[in-house]
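In: Below is the sequence, then the predicted model.
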Amino acid sequence: MAGTLVVAELSEGKVKKATLSAITFAKQTGAPFAILAVGAGAAGAAKELTGFGAQKVITVDDASLAAYTVERFAPSVAKVAKDGGWDTVAVTATAFGKDLAPRLAVKLGAGYAPDISTVKIDGGKRAYRRSQYSGNALGWVEITTPVHVVSVRQTEFPAAEASGGASPVESAAKALDDAAAARVEFLKLETSKSERPDLGEARVVVSGGRALKEQFGQLLNPLADALGAAIGASRAACDAGYAPPEIQVGQTGRTVAPQLYFAIGISGAIQHIAGMKGAKTIVAINKDPDAPIFQISDYGLVADLFTAVPELLAELKAHS
Amino acid sequence: MKILVAVKRVADPENLNKIKLSAQGKIDTTGLEPKASPYDDYALEAALRLTENGTNTKARLGEVVVVTFGPKEAESMLRAMLGTGADRAIRVDATDDVLDGDLVARGLKALVDKEKPDLVLLGYQQVESESAQVGAQLAEYLGWPQVTFAGSIKSEDDRALVVGREVEGATAQLRATLPAVVTVLDKIVKPKSVQSKHTSATHAYPEGVRFAALMAIMAAKKKPLAEVKLAELAPDATLKVHYGAAELPPKRAAGVKVKDVKELVSKLKTEAKVI
């Protein structure tokens, strides 16, 4: 039927929060929507998805889908989309969704709008707004095929809130794997467990640059703890080995849009700014008064970070 | 191993904040020097590392073919890449206004059918469109495995690669049997991110991409650079998406400078109300 199929992103049997942004997109279009959960344990995760007003929640739960590979997941998503006659398929704009969506679009003969930030409906015609030119332009794209595939940027669509009600849950059979599935073997997932909130979901992010040197963790950990913040880093800090690569904020790292962002010892390269300029309030601490980061910061402090960061920590504690 | 590297010419990536809008609402990059999209340079570097012994980077132990979809002017980028170490180049004659990601993927599919590489490497996305789609679309058209967002590649032999795929806060290690499509992040040019079967595991490359020596640039003028018509590769030139007018994002105004940490905390509390 006409409407949107939202593909949930699961991790260890739980629904990832980015899914809730894709649900918000579906609600904004005004058309009915269903939510599809694919993976081993999807039936369990479906319980988290029944309260959002979806027409139904569909699960494809199969032991062979324990680890994500597109060659095993995409055929089932495509089959559910086709069987249901959904005219839009919405995925998360994450490593999962952005890997899945293009392959899915080809299977559906669909045009694909990646990483959308806005949907506009005008006289029945839809246009999607999306970041281009490293975040320096916003392009409006129309899809000319009957079926649309979109990936939804989490930082631009607020997380949907459960509105009560109970969508019925139905299960669908797993589709045949792509032939290529036999040529991809999932070996392992290397994670760095952190007690801190996820970068993409944190209300406050404290990011450091190369200037912190070996004292990166020593200076930023207590500050992040005091603020309940996630820790990010510039590419230069990651490249120099002062911070682990998975916390890089920027074009090739994570895109974040917290309420409060601290850029500490970060000069403000274009590739870093592309990943954090959606933050509501930006604070920059840098000893170079001409650092480009000050041009986009709400509050700038020209200071030596090795004295300013401990002072900031003390001041926050004094006021808490 | 034979590797096809798909590359794209873009406006100077370091200065994209200087783009303007034309009267028709189209993006105007006048004045910005055309360059290869940086992740494509990284894909080429990865291809070169996979087809050599790291201690003797002059001898190519495999073949690297660079391909672009672009106008005649894009040939200077291909020539530079031939100077850097690629063996051959192909330019599919087309301008951006007649292309979308899906059509490029279909064109590349036809080229891959002809060239029969073991591996296709691409940057994870190009910096103008930011779409991150061609690699995965190509893999689907070919029926090949894909690994996107690769931060590391190790060739165990000529039949399989172990690829580290970067996902939020973690790395998924995958083994892909060739032929396959892999898209790479900037991390791929770190000293030990790519390891070919020819190179000792202890070898560390200099950080980043290599630059062509003058002699190599001269020699590259003799390397083959072919032109192919888009219609020969993709007879159906129908596009699946259409870009209308663009907007420039609202500029973030520079805020205030605070004199010390006390004033900063006070403003965050009482003015921004974020702590």
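Out: Sure thing, it's come through.
In: Least confident secondary structure element in chain B?
Out: None of the helices or strands of chain B scores lower by mean pLDDT, DSSP states H and E than helix B:214-220, at a mean of 89.
In: Output that one in PDB with nothing but the alpha carbons.
Out: Output of helix B:214-220 as PDB, limited to C-alpha atoms (Å, rounded to 0.1, in the frame of the first residue of the first chain):
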ATOM      1  CA  LEU B 214      58.800  14.600 -11.600                       C
ATOM      2  CA  MET B 215      60.300  11.800 -13.700                       C
ATOM      3  CA  ALA B 216      57.200   9.700 -13.100                       C
ATOM      4  CA  ILE B 217      54.900  12.500 -14.200                       C
ATOM      5  CA  MET B 218      56.900  12.800 -17.400                       C
ATOM      6  CA  ALA B 219      56.800   9.000 -17.900                       C
ATOM      7  CA  ALA B 220      53.000   9.000 -17.300                       C
END
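In: Can you pull out the residues in contact with whichever helix or strand comes after it?
Out: Once the chain leaves helix B:214-220, the next helix or strand it forms, by DSSP states H and E, is strand B:225-229. Residues outside strand B:225-229 that contact it (Cβ atoms under 8 Å, 6 or more residues apart in numbering or on different chains) are B:75, B:78-79, B:82, B:88-93, B:111. Quick note: C-beta positions are derived from backbone N, CA and C, even for glycine.
In: before we move on, the earlier item: gap between the least confident helix or strand of chain B and the chain center?
Out: 23 Å (Cα atoms, centre = their mean, to the nearest Å).
In: same thing with stretch B:218-236?
Out: Centroid separation between stretch B:218-236 and its chain, computed with Cα atoms, centre = their mean, is 18 Å.
In: What residues sit buried inside it?
Out: Under the neighbour-count criterion of 16 or more other Cβ atoms under 10 Å in any protein chain shown, stretch B:218-236 has B:220, B:223, B:228, B:230, B:233-234 buried.
In: Over to stretch B:159-166?
Out: Going by 16+ other Cβ under 10 Å, stretch B:159-166 has these buried residues: B:160-166.
In: For the longest strand seen in chain B, which helices and strands make contact with it?
Out: With secondary structure taken from DSSP state E, chain B has its longest strand at strand B:146-155. The helices and strands touching strand B:146-155, judged by 3 or more Cβ pairs under 8 Å, 6 or more residues apart in numbering or on different chains; DSSP states H and E, are helix A:95-108, helix B:38-50, helix B:134-142, strand B:160-167, strand B:170-177, strand B:180-184, strand B:194-195.
In: For these, give me TSV that also has distance to residue A:266 and mean pLDDT.
Out: Shown next, in TSV, are the helices and strands packed on strand B:146-155 (distance: least, Cβ to Cβ, whole Å; pLDDT from 0 to 100):
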stretch	distance to residue A:266	mean pLDDT
helix A:95-108	24	98
helix B:38-50	20	97
helix B:134-142	30	98
strand B:160-167	21	96
strand B:170-177	24	96
strand B:180-184	25	98
strand B:194-195	28	96
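In: Mind putting the ones you listed into TSV with distance to residue A:320?
Out: Below are these laid out as TSV (distance: least, Cβ to Cβ, whole Å):
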stretch	distance to residue A:320
helix A:95-108	36
helix B:38-50	43
helix B:134-142	47
strand B:160-167	35
strand B:170-177	32
strand B:180-184	44
strand B:194-195	47
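In: How about the contacts made by residue A:222?
Out: Applying Cβ under 8 Å, 6+ apart, the residues contacting residue A:222 are residue A:313.
In: Return the list of helices and strands in contact with whichever helix in chain B runs longest.
Out: The helix that spans the most residues within chain B, counting by DSSP state H, is helix B:101-115. Packing partners of helix B:101-115 (3+ Cβ pairs under 8 Å, 6+ apart): helix A:95-108, strand A:111-122, strand B:2-7, strand B:63-70, strand B:88-93, helix B:134-142, helix B:230-233.
In: what comes into contact with the helix or strand following it?
Out: As assigned by DSSP H and E, the chain's next helix or strand after helix B:101-115 is strand B:119-123. Applying Cβ under 8 Å, 6+ apart, the set of residues contacting strand B:119-123 from outside is B:1-8, B:37-44, B:46-47, B:50, B:108, B:112, B:134-135, B:138, B:161, B:178-184.
In: and strand B:119-123 with strand B:170-177, angle?
Out: 150 degrees (axes from the mean of the first three to the mean of the last three Cα atoms, to 10 degrees).
In: quick one: strands adjacent to strand B:119-123?
Out: With DSSP bridges as the test, strand B:119-123 is paired with strand B:2-7 (parallel), strand B:180-184 (parallel).
In: Off-centre distance for it?
Out: How far strand B:119-123 lies from its chain's middle: 8 Å, per Cα atoms, centre = their mean.
In: Roughly how far does the closest residue in space to residue A:293 that isn't next to it in sequence sit from residue A:262?
Out: In space, and not counting its chain neighbours, residue A:293 is closest to residue A:268: 3.0 Å by Cβ to Cβ, 6 or more residues apart in numbering or on different chains. Distance, residue A:268 to residue A:262, by Cβ to Cβ, to the nearest Å: 13 Å.
In: okay, and the common contacts of those two?
Out: Common neighbours of residue A:268 and residue A:262, counting by Cβ under 8 Å, 6+ apart, are residue A:284.
In: Of these two, give the one with the bigger neighbour count.
Out: Ranked by neighbour count (other Cβ atoms under 10 Å in any protein chain shown), residue A:268 and residue A:262 place residue A:262 first, with 30 against 22.
In: Tell me what that one is bridged to.
Out: residue A:206, residue A:283.
In: got the CA coordinates for stretch A:89-98 in CSV?
Out: Taking C-alpha atoms only, stretch A:89-98 is exported to CSV below (Å, rounded to 0.1, in the frame of the first residue of the first chain):
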residue,chain,number,x,y,z
VAL,A,89,11.6,2.8,2.3
ALA,A,90,13.3,4.8,5.0
VAL,A,91,16.5,3.7,6.7
THR,A,92,18.8,5.2,9.3
ALA,A,93,21.7,7.4,7.9
THR,A,94,24.3,5.3,9.7
ALA,A,95,27.0,2.8,8.7
PHE,A,96,24.1,0.3,8.6
GLY,A,97,21.5,2.3,6.7
LYS,A,98,24.0,3.9,4.3
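In: what residues does it touch?
Out: A:4-7, A:9, A:16, A:18-19, A:21-22, A:25-26, A:68, A:77, A:81, A:100-101, A:104, A:108, A:110, A:114-116, A:147-154, B:132, B:148-149, B:165-168.
In: Please repeat the previous calculation with a cut-off of 7 Å.
Out: For stretch A:89-98, contacts defined as Cβ atoms under 7 Å, 6 or more residues apart in numbering or on different chains pick out A:4-7, A:9, A:16, A:18-19, A:22, A:25-26, A:68, A:81, A:100-101, A:104, A:114-115, A:149-154, B:132, B:149, B:166-168.
In: Name the residues of stretch A:220-239 that come out as buried.
Out: For stretch A:220-239, by 16+ other Cβ under 10 Å, it's A:220, A:223-224, A:226-227, A:229-239.
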